[in-house]
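J.: Generate a structure from the sequence data that follows.
(2 chains)
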Amino acid sequence: MKAGNISYRIVKDKIFKYFIIVAAISSALPLLFILYYIVSNGISAISWGFFFELPKPPGEIGGGISNALIGTIILIVTSSAIAIPPAVLLGIYLSESRNSMVSNLVRNAVEVMQGIPSIVVGILVYAWVVEPSGSFSTLSGAIALAIMMLPIISKSTEETLRMIPHYILEASLALGVPYYKTILRVILPSGLSGILTGIIISISRIAGETAPLLFTAFGNPFINWDITEPSNSLPLLIFNYAGSPYKEWHALAWGASIVLIAIVLLLNIISKIISKKWEVKF
Amino acid sequence: MGSKVLKIDGLNVYYDQSHILKDINLSFAENTVTAIMGPSGCGKTTLIRTINRMHEFTHGARTEGSIKLYGKDLHQIDPILVRRKVGMVFQKPNPFPTMSIYDNVIAGYKLNGFKLSKIEKNSIVEGSLVKAALWDEVKDNLYKKGAFLSGGQQQRLCIARALAMNPEILLFDEPTSALDPIATDRIEQLINELKAGLTIVLVTHNIAQAARVSDYTAFLYLGELIEFGTTKKMFTTPKNKKTEEYLNGKFG
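T.: Below you'll find the predicted structure:
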C-alpha cells in the first residue's frame, strides 16, 4: 500500500470525526438558545412575590403566578392519583400475560392511545365530563391529563417488569408464596425504580400540556383549591398571557416559562437519580 | 431402606399435545438421595416440577396418575402447602435481588406473611445458614444484599432459603451446572450432609455427580423410566442396555 493512500485515509478520518462533533454540538445548540432566550426574557419577572402573588391587572407592574402554580400542582397530584393505580396494574397484566389474545389487543390499544393528539383528549373529556357536569373543573383537566399519562406509565411498567428474570418469580412460587403475593412483594419491588422513573417521566410530559386543559380546567385568575371548580395551570397561563396585548402579562408568561422548564428539568434529574440509585441488578 | 416418603404411580405428563412423561412409577425413600439422570429433554426437570406442582405454571400442562406424599395425594393438598413441604433449588442461583441475606433466608415466612418474633427469626436464619454451610462466610454481612456473593455462595443461600421452611423433601434441579468445580464440590458435600434430615431428589445431567452423591438412581430416556435402583448396582451392573450405553457415554 502506498504512503499517499494512507495519509489520504487519515485526512478522511479526521474530517469525518470533526463532522460528527459539529453535528453533535449543533443539535444541542437549540436547547441552549431556548434556555438563554427564556431566561433572559423572564428572569426580571421572577422574585419572591412571583411565586406567592396573584397576577395583577394589565398596566400594573409585578404580580405573580401563584394561582397557576397551585393549579398545576393540584392537577399533577389529581391526575397521578387517577392514572397511576390502573396504569401500573395494566403494566403488570401486560408483562405477566405476554401472549394471550386479550393482552395483545390491550397492548395495541395502549400504543394507539399514546398517539392520540392531546387536543383530541381535551375535546373528548369536554364531551364526557365537562358537558354532563355543566361546568369546567380541575377534575376534568386532571382526567384529561390522566388519560395522557396512562399509556406512558403502563408501557414503562410493562417493559421494566419484563426485564425481571423468570427465575426470580419461580424462586418465590417455589417457597409456597401465592402468585399475587409474589407479584406484590417480589416482582414489584424488583422493578420499583423503573416504574417510578416511568411515572416521573409521564408527569414531566403532562406538566407542560396546554391543549387538553383548554376545554377542561379552563383557567382561573384566582387560586382555587376545589377540584370541582376551574383552575389555572402554568401552560394555560403562558398560553393566555403570551397571547394578550399587554407587556406586563408577557413578562409573567416568560417568568412562568422559566418555572415550567425548571420543573420539567428537575423531574428529569430526579428520575435519573432514582433509576441509578434504586436499580436492581440481576 | 427407610420408609417411602413419596410414591409416584402411573404418572403421565403432557404439555399441550406432547407427551412428556410416560407412565412413571417411582418411589423415594426417607433420608436418601435419589438422582434422576438422562439426556437433555428426557423429562427430568418436568418430573421434579410435578413433585412440587410447579409444572402447573406452565401453560398447557396436564398430568395423569398419582403422586403421594406420606400416603396423601399431592393433588388433594393445596399447591401452596405442597411447595412449603417440598422445597426446590434451581439450576441458576436465584436469591431475591432486593433483599438482604437475612431477608432472603427468612423470605418464605416473610413473603407468606407469617408473624415471627425476632428471636425465632434469628434462630431460623442462623440454623438454616449453618445447615447450608454458609454461616461462617456471611455471619458478619447478614444485612447486605446477596448480590455480592459468589455463585456458589448464592446457591448455598438458596439452599438455606429452602431449608428455612423445614421441607420434607428438597428438589435440586441441576444445582451445580452454573458453578465451578470447587463450588460444585461444596454443594455435593452439602447434599450428603443434608440427607440426614430430609429426602433429596437431584436432577443431574452429570453422570459422575449421580455416582458421587446419590443412593438411588433413576434413568430417564425420552420420557420413559428406563431403570431405577441403587446407584451402586446401576453403575456396576445396569440391567438395561440403554442404561449401559448412556453410562458409557454412547449418547446423551
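J.: Helix, strand or coil: sort out the residue in the stretch 1-150 of chain A that chain B sits nearest to for me.
T.: Going by Cβ to the nearest Cβ, chain B is nearest to A:Asn99 of the stretch 1-150 of chain A, at 8.8 Å. The way it works is simple: take the backbone N, C-alpha and C, and place the C-beta from them, glycine included. Using DSSP: H, G, I helix; E, B strand; the rest coil, the structure places A:Asn99 in coil.
J.: same deal with B:Lys92?
T.: coil.
J.: quick one: contacts for it?
T.: Residues near B:Lys92 by Cβ atoms under 8 Å, 6 or more residues apart in numbering or on different chains: A:Tyr167, B:Ala178.
J.: Which pLDDT value belongs to it?
T.: Per-residue pLDDT puts B:Lys92 at 92.
J.: how far away is it from B:Lys121?
T.: Between B:Lys92 and B:Lys121 the computed distance is 27 Å (Cβ to Cβ, to the nearest Å).
J.: same question, A:Leu161
T.: 29 Å.
J.: between these two, who's got more neighbours?
T.: More neighbours surround A:Leu161 than the other of A:Leu161 and B:Lys121, with 23 against 18 (other Cβ atoms under 10 Å in any protein chain shown).
J.: That one and chain B, how far apart?
T.: 13 Å (Cβ to the nearest Cβ, to the nearest Å).
J.: That residue is in what secondary structure piece?
T.: helix A:138-162 (DSSP states H and E).
J.: which helices and strands does that helix pack with?
T.: helix A:66-96, helix A:101-114, helix A:118-125, helix A:192-207, helix A:211-214 (3 or more Cβ pairs under 8 Å, 6 or more residues apart in numbering or on different chains; DSSP states H and E).
J.: Now A:Asn220: phi and psi?
T.: Main-chain dihedrals, A:Asn220, degrees, to the nearest 10: phi -160, psi 130.
J.: so who does it touch?
T.: A:Asn67, A:Gly71, A:Glu229, A:Pro230, A:Ser231, A:Asn232.
J.: Quick one, which of those residues are buried?
T.: Buried by 16 or more other Cβ atoms under 10 Å in any protein chain shown: A:Asn67, A:Gly71, A:Glu229, A:Pro230, A:Ser231, A:Asn232, out of the contacts of A:Asn220.
J.: Now the fifth one. Its backbone dihedrals?
T.: Recorded main-chain torsions at A:Ser231 are phi -150, psi 160, according to degrees, to the nearest 10.
J.: got the contact list for the spatially most central residue of chain A?
T.: Taking Cα atoms, centre = their mean, the centroid of chain A lies closest to A:Arg205, which sits 2.0 Å from it. Counting by Cβ under 8 Å, 6+ apart, A:Arg205 makes contact with A:Met148, A:Met149, A:Ile152.
J.: Flag every residue of the stretch 151-252 of chain B that's near chain A.
T.: Residues of the stretch 151-252 of chain B lying near chain A by Cβ under 8 Å from any Cβ of the partner chain: B:Cys158, B:Arg161, B:Ala162, B:Met165.
J.: Could you list which of those residues belong to helices?
T.: Counted as lying in helices by DSSP state H, out of those, are B:Cys158, B:Arg161, B:Ala162.
J.: most neighbours, which of those?
T.: Most surrounded of those: other Cβ under 10 Å gives B:Arg161, at 30 neighbours.
J.: Quick one: residues contacting that one.
T.: By Cβ under 8 Å, 6+ apart, the neighbours of B:Arg161 are A:Ala171, A:Leu175, B:Pro95, B:Asn104, B:Val105, B:Ala107, B:Gly108, B:Ser128.
J.: Residue ranges in chain B under the pLDDT threshold?
T.: B:1-2, B:252 (pLDDT under 70).
J.: same check, this time on chain A
T.: A:1-4.
J.: what's the single longest helix in it?
T.: helix A:3-42.
J.: Would you mark the buried spots in stretch A:222-240?
T.: Result for stretch A:222-240 [16+ other Cβ under 10 Å]: buried residues A:224, A:227, A:229-240.
J.: Put the alpha carbons of it into PDB.
T.: Extracted as PDB, the C-alpha positions of stretch A:222-240 are listed here (Å, rounded to 0.1, in the frame of the first residue of the first chain):
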ATOM      1  CA  PHE A 222     -57.600  33.300  41.400                       C
ATOM      2  CA  ILE A 223     -56.200  30.500  43.500                       C
ATOM      3  CA  ASN A 224     -58.600  27.500  43.500                       C
ATOM      4  CA  TRP A 225     -58.400  24.500  45.900                       C
ATOM      5  CA  ASP A 226     -61.700  23.000  44.900                       C
ATOM      6  CA  ILE A 227     -61.300  20.300  42.200                       C
ATOM      7  CA  THR A 228     -64.900  20.800  41.000                       C
ATOM      8  CA  GLU A 229     -64.000  24.400  40.100                       C
ATOM      9  CA  PRO A 230     -61.900  25.600  37.200                       C
ATOM     10  CA  SER A 231     -58.300  26.300  37.800                       C
ATOM     11  CA  ASN A 232     -55.300  27.800  36.200                       C
ATOM     12  CA  SER A 233     -52.100  26.000  35.300                       C
ATOM     13  CA  LEU A 234     -48.700  27.100  34.200                       C
ATOM     14  CA  PRO A 235     -49.100  26.200  30.500                       C
ATOM     15  CA  LEU A 236     -52.600  27.700  30.400                       C
ATOM     16  CA  LEU A 237     -51.300  31.000  32.000                       C
ATOM     17  CA  ILE A 238     -48.400  31.100  29.400                       C
ATOM     18  CA  PHE A 239     -50.900  30.500  26.600                       C
ATOM     19  CA  ASN A 240     -53.300  33.200  27.700                       C
END
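J.: No further questions, thank you.
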